[in-house]
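Student: okay, sequence plus prediction incoming.
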Amino acid sequence: MINYAVDQALLKPFVPANTELDTWNNKCYVSLVGFMFQNTKVRGIKIPFHVNFEEVNLRFYVQYRHRAEWRRGVVFIQEIVPRPAITWVANTIYGEHYRTLPMHHEWQQQDDVMLVNYDWLYKRWHSIKAEAQNELKEIPQGSEAEFITEHYWGYTKQNDRTTSEYGVEHPRWKIYPIKNYLVDVDFGLVYGKNFSFLSHEIPKSVFLAEGSEIKVLQGNRIK
């Protein structure tokens, strides 16, 4: 999870109706996140060749007022996966912003060090890499890491008046202390010229989190 502080004006066009930008210490964040789907099931059924696969997404954070509570959620600017069927279903049925590209990943464990990288091909290979201490740590309450990881809703902009909302269930994650990292991504090439400046930005933070079983709930529409 590679996290950048950005001007709120950059994200305003992507904010779904009825939601507002969520901030931490008055900072607005975008995150570039790489992870593996493993043992994936759709309504309890494993789809052949779509059980284990990589994803890299660029996302930001919003909140939605539901009655007396604030729901804190994620909005995806773009999600990259290696399987065209995933892209078709996500974009056609759910109105998401998936893209199919060649991808691969590598996980290594060397004594007390973990090496993790995700790569994808669009005109050239792009890569994010992390070297971390192989020792899980609790995420401190009220920390930046808690803000980034503790969002349990997803929001998708359907149009200027309608938003798709779905819940996400997972236990509280833990993180590995980062020793070194590398971001070799042409953000302008992959995500458009408005994001090109990120290629030269130093991230506010980089996390390597231990994943978990995740359940995505059936969604609804907010009008």
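Tutor: On my side now, so go ahead. Numbering: from 1, shown residues only.

Student: for residue 105, see how far away the residue lying farthest from the centre of the chain is.
Tutor: Largest separation from the mean C-alpha position in the chain: residue 111, at 28.6 Å (CA atoms, centre = their mean). Distance of residue 111 to residue 105, computed by CB to CB, to the nearest Å: 21 Å. (C-beta placed from N, C-alpha, C; glycine too.)

Student: residue 113 now?
Tutor: 17 Å.

Student: do residue 194 as well
Tutor: Using CB to CB, one gets 27 Å for the distance from residue 194 to residue 105.

Student: quick one: which of the two has more around it?
Tutor: Comparing residue 194 with residue 105 by other CB atoms under 10 Å, the one with more neighbours is residue 105, at 18 against 13.

Student: give the rounded mean pLDDT of the host helix or strand of that one.
Tutor: Using DSSP states H and E, residue 105 falls within strand 103-110. Taken as a whole, strand 103-110 has a mean pLDDT of 94.

Student: go on, stretch 155-174?
Tutor: 92.

Student: can you give me the buried ones in it?
Tutor: Neighbour counts over stretch 155-174 (16 or more other CB atoms under 10 Å) mark 155-158, 163-165, 173 as buried.

Student: likewise for stretch 25-45?
Tutor: Using 16+ other CB under 10 Å as the test for burial, stretch 25-45 gives 28-35, 37.

Student: got the residues you listed as JSON lines, with distance to residue 3 and pLDDT columns?
Tutor: Below are the buried residues of stretch 25-45 laid out as JSON lines (distance: CB to CB, whole Å; pLDDT from 0 to 100):
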{"residue": "28", "distance to residue 3": "11", "pLDDT": "97"}
{"residue": "29", "distance to residue 3": "5", "pLDDT": "98"}
{"residue": "30", "distance to residue 3": "8", "pLDDT": "98"}
{"residue": "31", "distance to residue 3": "5", "pLDDT": "98"}
{"residue": "32", "distance to residue 3": "8", "pLDDT": "98"}
{"residue": "33", "distance to residue 3": "9", "pLDDT": "98"}
{"residue": "34", "distance to residue 3": "13", "pLDDT": "97"}
{"residue": "35", "distance to residue 3": "15", "pLDDT": "94"}
{"residue": "37", "distance to residue 3": "21", "pLDDT": "84"}
